[in-house]
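# Need the 3D shape of this:
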Amino acid sequence: MYDAKGVREAASGNSHEKFCRKTLRWEWREGVIELTLDHEPANEIGTSMLAELEQFVHCIRRVCLGDSVCIISSARKSVFSAGADLRELYRGAAPLPEKERLQVFVISWNASMQY
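The predicted structure is shown next:
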């Protein structure tokens, strides 16, 4: 099972690292990184997943010193990713006046598309 902070273990002399968070998990072994999106219901990309993807990139830079391959998959059987989490954007903008709500939506959308 995955450790909440990530685990490094030696298996037959090979380095192996695992990482599991709220919206994604990854495993690195012998130059192959398997990244699995795991955020119900449809792997929406919101602030939680963006933060965890940033952690993933930081960790991978530390672990992968040579050539590597990254395989990205979905734990959801029906969808890979729905894209930006529009419900999260709406909830954050709903209490604002209409003009400000649109500005927050555009800024948030642009920020999510940079990844």
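
# Helices of the protein, start to end?
For the chain, helices defined by DSSP state H occupy the ranges 47-63, 86-93, 98-113.

# what would these look like in a markdown table with distance to Pro41, mean pLDDT and mean neighbour count?
Placement of C-beta: from N, CA and C, glycine included. Converted to a markdown table, the helices of the chain look like this (distance: least, CB to CB, whole Å; pLDDT from 0 to 100; neighbours: other CB atoms under 10 Å):
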| stretch | distance to Pro41 | mean pLDDT | mean neighbour count |
| --- | --- | --- | --- |
| helix 47-63 | 13 | 86 | 15 |
| helix 86-93 | 10 | 74 | 15 |
| helix 98-113 | 18 | 71 | 13 |
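
# Make CSV from the ones you listed and add distance to Leu37 to it.
Below are these laid out as CSV (distance: least, CB to CB, whole Å):
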stretch, distance to Leu37
helix 47-63, 7
helix 86-93, 16
helix 98-113, 14
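
# Of the ones you listed, which is nearest Arg21?
Arg21 lies closest to helix 47-63 among the helices of the chain, at 4.6 Å (CB to CB).

# Dump the closest one to CSV, keeping only the CA atoms.
Backbone C-alpha positions of helix 47-63 (Å, rounded to 0.1, in the frame of the first residue of the first chain) are rendered in CSV as follows:
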residue,chain,number,x,y,z
THR,A,47,-6.6,23.5,-6.8
SER,A,48,-6.0,20.2,-4.9
MET,A,49,-4.9,18.4,-8.0
LEU,A,50,-2.8,21.3,-9.2
ALA,A,51,-1.0,21.4,-5.9
GLU,A,52,-0.4,17.7,-6.0
LEU,A,53,0.9,17.9,-9.6
GLU,A,54,3.3,20.5,-8.4
GLN,A,55,4.5,18.2,-5.7
PHE,A,56,4.8,15.4,-8.3
VAL,A,57,7.0,17.5,-10.5
HIS,A,58,9.2,18.5,-7.6
CYS,A,59,9.7,14.9,-6.5
ILE,A,60,10.3,13.6,-10.0
ARG,A,61,13.0,16.1,-10.6
ARG,A,62,14.7,14.7,-7.4
VAL,A,63,14.2,11.0,-8.2
